[in-house]
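> Provided below for reference: sequence and predicted model.
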Amino acid sequence: MQTDLGNYRKSYEKGELLLENVPENPLELFRDWFIEVDTHFDVDETNAMTISTIGLDGYPKNRVVLLKKYTYEGFIFYTNYDSEKGKAIAKNPNVCLSFFWHAAERQIIIKGKAEKISENLSDGYFESRPRGSQLGAVVSNQSEVVKDRAELENKLKELGAKFEGKDIERPKNWGGYIVKPSTIEFWQGRPNRLHDRIRYQLQEDYNWKIERLAP
């Protein structure tokens, strides 16, 4: 039996985004929205974001990762550099990040370039991770074919025994990226599908051009 999705309807009425009220720097608006959503709305993993890359096969691919830090310079996440996304970034660093916070009726789309962060920053974050997550990063050859689940479980047990009572060193093929934005678009749902869309574009003088887009 097929479900008629054409009848799925919702009126967006939880907020507004007016050009005259936004700051000159989009990172300030991102910070304000993130804190507000994290504090006042029922959102599981506010820092979950979709990252889109252009793969080695020429196709775009989306997947969800976790934002671990944001600064005025950009957005930081961690992954295996030899993974499918890592290889894609190495060939083409142009990526897109997106956040969709359904409970707040808000979306943010970020276009920019991804580059590796310094090794000492990756070391510091790796050391802060739970031990199980550290072991998992060492065990997993991310995106590679594995025989079955048992293969991973056995490798994890073996590695756990090997490093019992010892510090676990960050694998050299695992670390952070920072996405330095060139365009950030903020979307606030509004009634009658007349949604608010405000786009920031970075200019050559490093100021931001701010424009309202039609929904």
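Looks like it arrived, so ask away.
> Now do the helix or strand of the chain with the lowest mean pLDDT: which elements does it pack against?
Ranked by mean pLDDT, DSSP states H and E, the weakest helix or strand in the chain is helix 149-162, scoring a mean of 86. For helix 149-162, the packing partners by 3 or more Cβ pairs under 8 Å, 6 or more residues apart in numbering; DSSP states H and E come out as helix 131-139. C-beta coordinates here come from the backbone N, C-alpha and C atoms, glycine included.
> buried residues in the helix it packs on?
Across helix 131-139, burial judged by 16 or more other Cβ atoms under 10 Å covers 134, 135, 136, 137, 138, 139.
> Kindly present these as TSV, with separate columns for distance to residue 45.
Conversion of those to TSV gives the following (distance: Cβ to Cβ, whole Å):
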residue	distance to residue 45
134	20
135	22
136	18
137	19
138	24
139	23
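> Kindly reformat the residues you listed as CSV containing distance to residue 208 and pLDDT.
Formatted as CSV, the buried residues of helix 131-139 follow (distance: Cβ to Cβ, whole Å; pLDDT from 0 to 100):
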residue, distance to residue 208, pLDDT
134, 38, 93
135, 42, 90
136, 39, 88
137, 36, 91
138, 41, 88
139, 42, 85
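> Kindly export the longest strand seen in the chain (C-alpha atoms) in PDB.
Longest strand in the chain, counting residues (DSSP state E): strand 174-188. C-alpha atoms of strand 174-188 as PDB (Å, rounded to 0.1, in the frame of the first residue of the first chain):
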ATOM      1  CA  TRP A 174      42.200  10.200  12.000                       C
ATOM      2  CA  GLY A 175      41.700  13.800  12.900                       C
ATOM      3  CA  GLY A 176      39.800  17.000  12.400                       C
ATOM      4  CA  TYR A 177      38.700  19.200   9.500                       C
ATOM      5  CA  ILE A 178      37.600  22.800   9.600                       C
ATOM      6  CA  VAL A 179      35.100  24.000   7.100                       C
ATOM      7  CA  LYS A 180      35.800  27.700   6.400                       C
ATOM      8  CA  PRO A 181      32.500  29.200   5.000                       C
ATOM      9  CA  SER A 182      32.100  31.300   1.900                       C
ATOM     10  CA  THR A 183      28.300  31.300   2.000                       C
ATOM     11  CA  ILE A 184      25.900  30.700   4.900                       C
ATOM     12  CA  GLU A 185      22.100  30.700   4.500                       C
ATOM     13  CA  PHE A 186      19.600  30.800   7.300                       C
ATOM     14  CA  TRP A 187      16.100  29.500   6.800                       C
ATOM     15  CA  GLN A 188      13.200  30.100   9.200                       C
END
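> Contacts for stretch 77-90, please.
49, 51, 53-56, 61, 63, 65-68, 95, 114, 116, 122, 125-126, 137, 140-143, 171, 173-177, 179 (Cβ atoms under 8 Å, 6 or more residues apart in numbering).
> right, I mislabeled it, should have said stretch 98-112
Under the criterion Cβ under 8 Å, 6+ apart, residues 12-15, 30, 33, 36-37, 41-43, 46, 48-50, 52, 74-75, 94-97, 179-189 lie in contact with stretch 98-112.
> Nice, that's everything, thank you.
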